[in-house]
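Enquirer: Provided below are the primary sequence and the corresponding predicted coordinates.
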Amino acid sequence: MAVKYYDVLENLVRDAGAEGAVLVSVDGLAIASVLPAGVDEDRVAAMGAAILSLGERVTAELNKGQLEQLYIKGSTGYVIFTGVKDIAVLGVLAPTEARLGLLLMEIQRAVKKLESELE
Amino acid sequence: MELPEEVLNLINKAYKDVNLYYIGIFIKDTEIISRTSSKSEKLRLSFGRLIRKSLELNEILPNFKEEFLFSEGKDCSLFVYYVNEELSIGMINIGKPNFSMLKIVGSDLAKEIKKYKDQLKEIYLQKVQTPQTEEAIEVKKEIIPLGEKAFKQDYPEDFLIEGSVSELEKALSFKQEEQKEELNQPPLEDILSTKKEENSYESPSLEEILLTKAEDQPVSAKEDTLESPSLEEIISKREEVSEENLINTEEIFNKIRSEFIKNIGPFGMFLFKKKREEYFKTRNITKFEILKFIQVLAEEITVEKRRNEFVENVKSLLINL
């Protein structure tokens, strides 16, 4: 099963010009990943789940439901976390020069594939 | 040190111009000033934690240097503009997410706020250095005099006109009670970041939780508890197995870790690792020490319901192993 997830992540990285991607369970454990060398899979996974969960705690206070996506822009690129149903989080690392519109579209496509795989 | 009036004006202007639900200036995870229609303390704390966690990205991706964070749901969006490594501006917008607008507001505000970074840092240091309990005591002292001024600050005018002196005293004493309750519930981040003194923890221990449950049951129910052995019994049974070299301690730790993460959240992964390393640095893995270790973990879970759930689940896991 992890092979299927890996394929989805690999296609996403290739098609969107991303640097890496990781699929994380809501408890912060990595399910599958395609990450550049030197990036700690476990730490990215735990960080992704924690950040999205903290964002959701904020919106829970507002009674505004769940967050669909959270992205952080840094001087070296983007880190984008997207919820996959209530069961996983997709994290994507992209360089600064990445086309954000294309990247977000490809992420949505990958999320749909992952949702159908996780069903 | 007082907050510069210019900063207050800048915050108020952004709040009104963009019709924000919340805007606040943070240093690390501490809110220095905010403007919002919400009175929820949890909102501020959660937003602060989100900012702190996002700043930790630099540890995973060296020199990442956050510029902004944007998050959207169906009816709201969060935006954080990082002025520098410590100072940031947090905004919450209710309604259709509008990334571009929030980014422009954040960017403009950051240019202005940067001028006051030293003053803001001083206020932050004052806030951090003043123990929370002292702050709360000060607030209580302000409330105790039943002066009209103090009352007017907290209650609407119509309440003032209709309320008698006894009602006023009742209302204020109720407010003090509420503050006392808040004092007894330190934020989770404080519990995680500072090593607690053993005696200061008021929540029941693992043994107390299990003991209380057993006592609460009627005599017939107590007989039934024979089918569900206590945690000590389970551990001792496991120990017997270990004597036969059949026990896999890592398996036990993995199960405990999973349950811990489930009940405390994703950062439980790091916390478990940290606590395990700390605890077993000077101790051997014995049945007693595992039991004590579970208790240490349980004490980290501030929500009582979750803590009990963790204890119960660990118990049932150990039975099934």
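Expert: Great, that's in hand.

Enquirer: in stretch A:83-97, which residues are buried?
Expert: Burial within stretch A:83-97, assessed by neighbour count using 16 or more other Cβ atoms under 10 Å in any protein chain shown, is assigned to A:Gly83, A:Val84, A:Ala88, A:Val89, A:Leu90, A:Gly91, A:Val92, A:Leu93, A:Ala94. Where C-beta positions appear, they are placed from N, C-alpha and C, glycine not excepted.

Enquirer: before we move on, what about stretch A:104-119?
Expert: Quick answer for stretch A:104-119 (16+ other Cβ under 10 Å): A:Leu104, A:Glu106, A:Ile107, A:Ala110, A:Val111, A:Lys113, A:Leu114.

Enquirer: tell me the one of the residues you listed nearest chain B?
Expert: A:Leu104 (10.8 Å; Cβ to the nearest Cβ).

Enquirer: next, the contact list for that closest one, please.
Expert: A:Gln69, A:Ile80 (Cβ atoms under 8 Å, 6 or more residues apart in numbering or on different chains).

Enquirer: how about 10 Å then?
Expert: A:Leu104 is in contact with A:Ala16, A:Gln69, A:Tyr71, A:Tyr78, A:Ile80, A:Thr82, A:Val92, A:Ala94, A:Ala98, counting by Cβ atoms under 10 Å, 6 or more residues apart in numbering or on different chains.

Enquirer: number of nearby residues for the second one?
Expert: The reference is to A:Gln69. Here the number of neighbours of A:Gln69 (other Cβ atoms under 10 Å in any protein chain shown) works out to 21.

Enquirer: and it, that one's in a strand?
Expert: Yes. Remark: A:Gln69 belongs to a strand, assigned using DSSP: H, G, I helix; E, B strand; the rest coil.

Enquirer: check contacts around it.
Expert: Going by Cβ under 10 Å, 6+ apart, the list of residues near A:Gln69 reads A:52, A:55, A:80-83, A:90, A:104, A:107-108, A:111, B:70-73, B:77, B:97.

Enquirer: in helices, which of those appear?
Expert: A:Leu52, A:Gly55, A:Leu104, A:Ile107, A:Gln108, A:Val111 (DSSP state H).

Enquirer: the helix or strand where A:Val58 lies near chain B anywhere?
Expert: A:Val58 belongs to helix A:41-61 when elements are defined using DSSP states H and E. Yes. Helix A:41-61 lies within reach of chain B by Cβ under 10 Å from any Cβ of the partner chain, at A:42-61.

Enquirer: mark which of the residues you listed are buried, thanks.
Expert: If we count by 16+ other Cβ under 10 Å, the residues of helix A:41-61 next to chain B have these buried: A:42-59, A:61.

Enquirer: determine which two of the ones in helices among the contacts of A:Gln69 are furthest apart.
Expert: A:Gly55 and A:Gln108 (18.2 Å; Cβ to Cβ).

Enquirer: and the nearest residue to B:Glu66 once chain neighbours are set aside, backbone torsions?
Expert: Sequence neighbours aside, B:Tyr82 is the residue nearest to B:Glu66 in space, at 4.4 Å (criterion: Cβ to Cβ, 6 or more residues apart in numbering or on different chains). For B:Tyr82, the backbone dihedrals (degrees, to the nearest 10) come out as phi -90, psi 110.

Enquirer: need the nearest residue in space to A:Glu10, chain neighbours excluded.
Expert: In space, A:Glu10 is closest to A:Val34, 5.2 Å off (Cβ to Cβ, 6+ apart).

Enquirer: okay, and the beta partners of that neighbour?
Expert: A:Val34 has these beta-bridge partners by DSSP bridges: A:Ala21.

Enquirer: and the gap between it and A:Val92?
Expert: 10 Å (Cβ to Cβ, to the nearest Å).

Enquirer: repeat that for B:Phe288.
Expert: 46 Å.

Enquirer: got a list of what B:Leu55 touches?
Expert: A:Ile72, B:Lys28, B:Asp29, B:Phe64, B:Lys65, B:Glu66, B:Leu69, B:Val80, B:Tyr82, B:Glu85, B:Glu86, B:Ser88.

Enquirer: now flag whichever of those is closest to B:Ile256.
Expert: B:Asp29 (28.6 Å).

Enquirer: that closest one contacts B:Arg52, doesn't it?
Expert: Yes. Using Cβ atoms under 10 Å, B:Asp29 is in contact with B:Arg52, at 3.7 Å.

Enquirer: looking at the two, which is more packed in?
Expert: The neighbour comparison of B:Asp29 against B:Arg52 (other Cβ under 10 Å) goes to B:Asp29, with 20 against 17.

Enquirer: might you report the residue contacts of that one?
Expert: B:44-53, B:55, B:88, B:187, B:189, B:193.

Enquirer: now do 7 Å
Expert: B:Gly48, B:Arg49, B:Ile51, B:Arg52, B:Glu189 (Cβ atoms under 7 Å, 6 or more residues apart in numbering or on different chains).

Enquirer: now the first one: how far from A:Lys64?
Expert: Counting by Cβ to Cβ, the separation of B:Gly48 from A:Lys64 is 19 Å.

Enquirer: can you tell me the SS state at the closest residue to B:Tyr279 other than its chain neighbours?
Expert: Of all residues not flanking B:Tyr279 in the chain, B:Phe293 sits nearest, at 5.2 Å (Cβ to Cβ, 6+ apart). Reduced to three states with three-state DSSP, the structure at B:Phe293 is helix.

Enquirer: can you report how many residues lie near B:Phe293?
Expert: The burial count for B:Phe293: 20, using other Cβ under 10 Å.

Enquirer: swap in B:Lys16?
Expert: 11.

Enquirer: ditto for the one 3 residues further on
Expert: Using other Cβ under 10 Å, B:Asn19 has 9 other residues around it.

Enquirer: repeat for A:Ile72
Expert: Applying other Cβ under 10 Å, I find that A:Ile72 has 23 neighbouring residues.

Enquirer: right, and it touches B:Lys65 too?
Expert: No. Using Cβ atoms under 7 Å, A:Ile72 is not in contact with B:Lys65; the gap is 10.6 Å.

Enquirer: so which residues make contact with the helix holding A:Val58?
Expert: A:22, A:24, A:26-30, A:33, A:35, A:65-67, A:70, A:81, A:83, A:89, A:91, B:40, B:42-43, B:46-47, B:49-50, B:53-54, B:56-57, B:60, B:71, B:73, B:76, B:78, B:265-267, B:269-270.
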